[in-house]
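Colleague: Here's my sequence, what's the structure:
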Amino acid sequence: MNIAIVGTGYVGLVSGTCFAEMGINVTCVDVDVNKIENLKKGIIPIYEPGLEEMVHKNVKAGRLHFTTDLASCLNDVEVVFSAVGTPPDEDGSADLKYVLEVARTIGRNMNSYVLVVTKSTVPVGTAKKVKAAIQEELDKRGVAIEFDVASNPEFLKEGNAIDDFMKPDRVVVGVESEKAKSLMENLYKPFMMNNYRMIFTDIPSAEMIKYAANAMLATRISFMNDIANLCEIMGADVNMVRKGIGTDARIGSKFLYAGCGYGGSCFPKDVKALIKTAAHNGYEMKVLQAVEEVNENQKSVLFRKLHKHFDGDLHGKTIGMWGLAFKPETDDMREAPSLVLIHHLLNAGCTVKVYDPVAMDECKRKIGDSVIYCNDRYEATLDTDALLLVTEWKEFRIPSWAVLNKMMKQPVIIDGRNIYDRQQVKESGFHYYNIG
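Modeller: Here you go, the predicted structure:
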């Protein structure tokens, strides 16, 4: 089977590479000439464990190709996935200009049947707009060519995307025809050999499933952060609370970890988009509005703890930060709590020293040289008045407290992910603060 995937960002590149790994002939398309030329040279635009090796393997095998010209490959493919960006518009709603431009390009250039599958996270009703855009272009050409549209939302976790795609816990597909259903079943059959996990729905339901899933996970995070803040006031321990409620089978233990807020490319954008979709249809998502408010407030929690420890006098302090990416195993800093924290620290007159295993270049791209970039975790603590743990990378989990004591000017640890044992850190001579 031959397929095309438009968009070589996180979703498109991972999806295309994994399809190629299963023997499918894949052409990845992007309008960014530099990105495509780099991919042809084996230069990967994102950090994702295992992806670079898999791209090189499938390019060498002749199953994975890169081009800037979608029109040139339309005659050779049965399925076109649209995996272009849907950035938030000024009002927070999803901007569909790239999605619709892909649809128009297909309508202008297709000469035989094609199944157009939306892989991007899009609001309910987008498939109708895609279908209308394709049909409008066909009408302009005065041709009658059969086509189908479908929705196939992605559920990839950054840092674990390869496994998520190769061994999915479910594949959701919204279709309108048996032909589209059959094509999608054949496409995903190699991933279903051990356990059939395909869920076919109508298209609007498939579009909603992605938003509802991310909104639920974001809600759990904000709920636990709210509980953690109350625990601090009341003298309870949020880690014990988490264990106590997580053993309830109706609740489960996942996404119940308190911290300094969620970020990334999905949760913030999708929560905003769902709120706006509801508003456009005359409904108010009160729970999700609170989820968003709690999360924005939580991104400043480490700064508030630091501010309180130093009685509001942070000017001239040197602060170390471990972690910049919004989560481990990625260099993604979109909506990352670290950016909010750095902004607060710089405004307060602090010197900020940072270290992250993979996100340093991305940080430089976003904020330039406003912070000091360090070569390793300990260098980021030299002569600091406090250390803030922002991202729970594995290499931060068991530091040498004796080394930190010697490196730091003042022994203050603020743990934004609750990864350290309070008693152990205090016995090592530190002032220790965590979440909840």
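Colleague: what element comes up after the helix ranked longest in the chain heading to the C-terminus?
Modeller: Here the longest helix in the chain is taken by residue count, with DSSP state H as the criterion, and it is helix 203-234. Under the assignment DSSP states H and E, the closest C-terminal helix or strand after helix 203-234 is helix 238-246.
Colleague: Could you grab the helix/strand/coil label for Glu53?
Modeller: Using DSSP: H, G, I helix; E, B strand; the rest coil, the three-state assignment for Glu53 comes out as helix.
Colleague: Return, as residue ranges, the portions of this structure with sub-threshold pLDDT.
Modeller: 90 (pLDDT under 70).
Colleague: domain ranges for it?
Modeller: Structural domains of the chain, as assigned by automatic domain parsing, span the residue ranges 2-201, 211-297, 299-433.
Colleague: Pull the residues that contact stretch 202-220.
Modeller: Around stretch 202-220, the neighbours that count as contacts under Cβ atoms under 8 Å, 6 or more residues apart in numbering are 118, 121-127, 149-155, 172-176, 201, 254-256, 262, 266-267, 270-271, 273-274, 277, 287-288, 291, 295. Glycine gets a C-beta too; all of them are placed from N, C-alpha and C.
Colleague: so Val149 sits in a helix?
Modeller: No: Val149: not assigned to a helix; according to three-state DSSP it is strand.
Colleague: give the contact list for it.
Modeller: When contacts are taken as Cβ under 8 Å, 6+ apart, Val149 is in contact with Leu115, Val116, Val117, Thr118, Ala127, Val130, Lys131, Ile134, Glu176, Ala180, Ile203.
Colleague: what does Ile36 give?
Modeller: Counting by Cβ under 8 Å, 6+ apart, Ile36 touches Thr8, Asp30, Phe66, Thr67, Thr68.
Colleague: which SSE is it in?
Modeller: Counting by DSSP H and E, Ile36 is part of helix 33-40.
Colleague: Mind listing what's buried along that helix?
Modeller: Going by neighbour count (16 or more other Cβ atoms under 10 Å), the buried part of helix 33-40 is Lys35, Ile36, Leu39.
Colleague: Spell out the residue ranges of the strands in the protein.
Modeller: Assigned by DSSP state E, the strands in the chain fall at 2-6, 25-29, 64-67, 79-82, 114-118, 147-151, 171-174, 198-201, 318-322, 351-355, 372-373, 386-389, 412-415, 431-433.
Colleague: re the thing from before, and the longest helix of the chain, which residues are buried?
Modeller: Neighbour counts over helix 203-234 (16+ other Cβ under 10 Å) mark 203-204, 206-211, 213-215, 217-229, 231-232 as buried.
Colleague: one step back: could you redo the contacts of Ile36 as a markdown table and give each row distance to Leu324 and neighbour count?
Modeller: Written out in a markdown table, the entries for those read as follows (distance: Cβ to Cβ, whole Å; neighbours: other Cβ atoms under 10 Å):
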| residue | distance to Leu324 | neighbour count |
| --- | --- | --- |
| Thr8 | 24 | 26 |
| Asp30 | 26 | 23 |
| Phe66 | 29 | 21 |
| Thr67 | 33 | 16 |
| Thr68 | 31 | 13 |
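Colleague: Relative to Asp95, which of the residues you listed is nearest.
Modeller: Distances from Asp95 to those, taken as Cβ to Cβ, are shortest for Asp30 (17.5 Å).
Colleague: who touches the closest one in this structure?
Modeller: Contacts here follow Cβ under 8 Å, 6+ apart; on that basis Asp30 touches Val6, Gly7, Thr8, Gly12, Ile36, Phe66, Thr68.
Colleague: distance of it from Met192?
Modeller: From Asp30 across to Met192, the span is 29 Å (Cβ to Cβ, to the nearest Å).
Colleague: do the same with Lys364
Modeller: Distance, Lys364 to Met192, using Cβ to Cβ: 42 Å.
Colleague: Let me have the buried residues of helix 33-40 in a markdown table, extended by distance to His309.
Modeller: Formatted as a markdown table, the entries for the buried residues of helix 33-40 read as follows, by distance: Cβ to Cβ, whole Å:
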| residue | distance to His309 |
| --- | --- |
| Lys35 | 44 |
| Ile36 | 50 |
| Leu39 | 47 |
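Colleague: and which of the residues you listed is nearest Pro168?
Modeller: For Pro168, the nearest member of the buried residues of helix 33-40 is Leu39. The distance, counting by Cβ to Cβ, is 24.3 Å.
Colleague: how far is stretch 148-164 from where the chain is centred?
Modeller: Here stretch 148-164 is found 11 Å from its chain centre; the criterion is Cα atoms, centre = their mean, to the nearest Å.
Colleague: go on, stretch 33-49?
Modeller: Taking Cα atoms, centre = their mean, one finds stretch 33-49 lying 19 Å from the centre of the chain it belongs to.
Colleague: What's the end-to-end length of it?
Modeller: End-to-end distance of stretch 33-49 (Cα to Cα, to the nearest Å): 25 Å.
Colleague: again, but for stretch 134-152
Modeller: End-to-end distance for stretch 134-152: 18 Å, by Cα to Cα.
Colleague: Same check on stretch 189-196?
Modeller: Taking Cα to Cα, the first and last residues of stretch 189-196 lie 8 Å apart.
Colleague: Please apply the same query to stretch 298-316.
Modeller: As for stretch 298-316, its first-to-last residue distance stands at 25 Å under the measure Cα to Cα.
Colleague: Which positions in it come out as buried?
Modeller: Residues of stretch 298-316 classed as buried: Gln298, Lys299, Ser300, Val301, Leu302, Phe303, Lys305, Leu306, His307, His309, Phe310, Leu314 (neighbour count, 16+ other Cβ under 10 Å).
Colleague: Would you mind pulling the contact partners of that stretch?
Modeller: Taking Cβ under 8 Å, 6+ apart as the criterion, the residues outside stretch 298-316 that touch it are 222, 225, 229, 259-261, 263, 317, 319, 337, 340-341, 344-345, 348-351, 385-386, 388, 390, 412, 414, 416, 431, 433, 435.
Colleague: Distance from that stretch to the middle of the chain?
Modeller: 28 Å.
Colleague: cool, and stretch 421-436?
Modeller: Computed by Cα atoms, centre = their mean, the separation of stretch 421-436 from the middle of its chain amounts to 31 Å.
Colleague: still on that earlier bit, dump the contacts of Asp30 into TSV; add distance to Tyr373 as well.
Modeller: As requested, those are exported to TSV (distance: Cβ to Cβ, whole Å):
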residue	distance to Tyr373
Val6	35
Gly7	30
Thr8	28
Gly12	30
Ile36	30
Phe66	31
Thr68	33
